[in-house]
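> got a sequence here, can you model it:
(one chain, ligands or ions: 1)
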Amino acid sequence: MSESKRYQGIIERYRDRLPVTPATQIISLAEGNTPLLRLENIERKIGHAVELYAKVEGQNPTGSFKDRGMTMAVTQAVMDGSEAIICASTGNTSASAAAYAARAGIRAFVLIPDGKIALGKLAQAMIEGAYVIQIKGNFDEGMQLVKKVASGSPLTIVNSINPYRLQGQKTAAFEIIDTLGRAPDIHGIPVGNAGNISAYWTGYSEYAGVSPATASCSFCTDACPYSEIPKVQARPRMFGYQAAGAAPFVLGEMIDDPDTVATAIRIGRPQSWDLAWAAVHESGGALASLTDEEIIQAQRMLADTEGVFCEPASAISVGGILRDVENGNIPEGSLIACTLTGHGLKDPDTAINQSGGRVIEIPAELDAVKRTIFDNL
Ligand code: AN7
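Model (predicted):
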């Protein structure tokens, strides 16, 4: 097969918009090129005239959007001669870092919070040969430790504070525009460490030919400079959603003990604080929180209405958007894209516990099978 026809990942596809040269040795697992699925059943069900799409990022090589950033960060780390990468992670970053380190033939050290990591993610990091370090603490504590240990060392941090991560992740916005032929009116996205919302905003801004703000906006107030910047039509309004127990943006301040069923976004001290505020304010968007119950309900609805199984942290985008459509914050006629950040199989425990579906146990006899089926037909 001709190499030029084989899909080779986001760096190859968007190399003119990424920090690479012809000499760059790309470390890729053919990430990106994920489906933009129209959620037709949900559209019909809600009875509002909106066009709703999901960018299904669970279909990336390690099952989350992190792969877009990781291909870029690990490619750069190897070009810089780094022999090891390190990250703190609620799970997906560790799975992705481990995979790309394996692909590159370098070491990965991952710090994960005690207990609160979904089983699938742990399995990935372990089988992919990472040094999995479980700390008696949460993600935010892990992040601080990573920064300290990496400082002045040959380790490359591959959390989203590494600017190459956001460069890779911005390609999801490119793909959405390339698929739709235009930018959506609204983009809904989960917010944890806040790298992804910032990356999407960069991507949308680049395609619209404008630079996103880089100045700091440390707090959401009426006097915020970003609220004065005119909205560029070719960019969507960014709607970010957090879990109610881990919603520093909604509270307007960092928090110490985040907690939520959506363990991926159990983060109280987001690293991309200023960039995320800038994205929301520049775009005329909003930040809101959903309860664990609303999150699980959205996860279940996506699965049993559309057949799309995403993890709880991902479902928050669709749950939040539908609530904002319902309460009029999002106008009728809007074209909306939501990012479903990670695959549902990452967290089988939560799916089974919350599914509400029952496994029916019967004897291995024809009569019993018949009765069970025909009673429920
Ligand atoms: C499924 O893996 O932070 O706001 O360490 O796994 O860019 O942090 C994961 C974050 C949303 C939030 N959805 O994205 C990690 C980690 C899923 C995630 C987010 C994460 P950011």
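> flag the shaky bits of the stretch 1-150 of the chain, pLDDT-wise.
Residues of the stretch 1-150 of the chain meeting the criterion pLDDT under 70: 1-3.
> what residues does it put near the ligand?
64, 89-93 (C-beta under 6 Å from any ligand atom). C-beta here means a position set from N, CA and C on the backbone, and glycine is covered the same way.
> which one of those sits closest to residue 117?
residue 91 (4.6 Å; C-beta to C-beta).
> grab the nearest non-local neighbour of that closest one.
Spatial nearest neighbour of residue 91, excluding adjacent residues (C-beta to C-beta, 6 or more residues apart in numbering): residue 121 at 3.2 Å.
> wasn't that neighbour part of a helix?
Yes - applying DSSP: H, G, I helix; E, B strand; the rest coil, one finds residue 121 inside a helix.
> surely it touches residue 93?
No - taking contacts as C-beta atoms under 8 Å, residue 121 lies outside contact range of residue 93: 9.0 Å.
> the stretch 51-200 of the chain: helices as residue ranges?
Assigned by DSSP state H, counting those that start in this stretch, the helices in the stretch 51-200 of the chain fall at 66-79, 92-104, 119-127, 139-150, 163-169, 171-180, 195-208.
> dump the second one to PDB, restricted to CA.
Listed in PDB are the C-alpha atoms of helix 92-104, where the atom choice follows Å, rounded to 0.1, in the frame of the first residue of the first chain:
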ATOM      1  CA  ASN A  92      -6.400   8.900  30.500                       C
ATOM      2  CA  THR A  93      -3.200  10.900  30.200                       C
ATOM      3  CA  SER A  94      -1.300   8.100  31.900                       C
ATOM      4  CA  ALA A  95      -2.800   5.500  29.400                       C
ATOM      5  CA  SER A  96      -1.900   7.700  26.500                       C
ATOM      6  CA  ALA A  97       1.600   8.600  27.800                       C
ATOM      7  CA  ALA A  98       2.400   5.000  28.400                       C
ATOM      8  CA  ALA A  99       1.300   4.000  24.900                       C
ATOM      9  CA  TYR A 100       3.300   6.700  23.100                       C
ATOM     10  CA  ALA A 101       6.300   6.100  25.200                       C
ATOM     11  CA  ALA A 102       6.200   2.400  24.300                       C
ATOM     12  CA  ARG A 103       5.900   3.400  20.600                       C
ATOM     13  CA  ALA A 104       8.900   5.700  21.000                       C
END
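> chain center to it: distance?
Averaging C-alpha positions (C-alpha atoms, centre = their mean, to the nearest Å) puts helix 92-104 16 Å from its chain's average.
> now the angle from that helix to helix 119-127?
30 degrees (axes from the mean of the first three to the mean of the last three C-alpha atoms, to 10 degrees).
> how about helix 92-104: buried residues?
92-104 (16 or more other C-beta atoms under 10 Å).
> helices along the stretch 201-350 of the chain, start to end?
Per DSSP H, counting those that start in this stretch, the stretch 201-350 of the chain carries helices over the ranges 248-251, 273-283, 292-301, 312-326, 348-354.
> are the last one and the ligand in contact anywhere?
When you say that, I think you mean helix 348-354. No - using C-beta under 6 Å from any ligand atom, helix 348-354 never reaches the ligand; the gap is at least 12.1 Å.
> after that helix, which helix or strand is next?
Toward the C-terminus, helix 348-354 is succeeded by helix 366-375 as the next helix or strand (DSSP states H and E).
> what does that next one contact?
For helix 366-375, contacts defined as C-beta atoms under 8 Å, 6 or more residues apart in numbering pick out 360, 362.
> just the CA coordinates of it, formatted as CSV?
C-alpha atoms of helix 366-375 as CSV (Å, rounded to 0.1, in the frame of the first residue of the first chain):
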residue,chain,number,x,y,z
LEU,A,366,-35.7,-23.6,26.6
ASP,A,367,-39.0,-22.8,28.4
ALA,A,368,-37.3,-20.4,30.7
VAL,A,369,-35.6,-18.6,27.8
LYS,A,370,-38.8,-18.4,25.9
ARG,A,371,-40.7,-17.0,28.9
THR,A,372,-38.1,-14.4,29.6
ILE,A,373,-38.0,-13.2,26.0
PHE,A,374,-41.7,-13.3,25.1
ASP,A,375,-42.7,-11.7,28.4
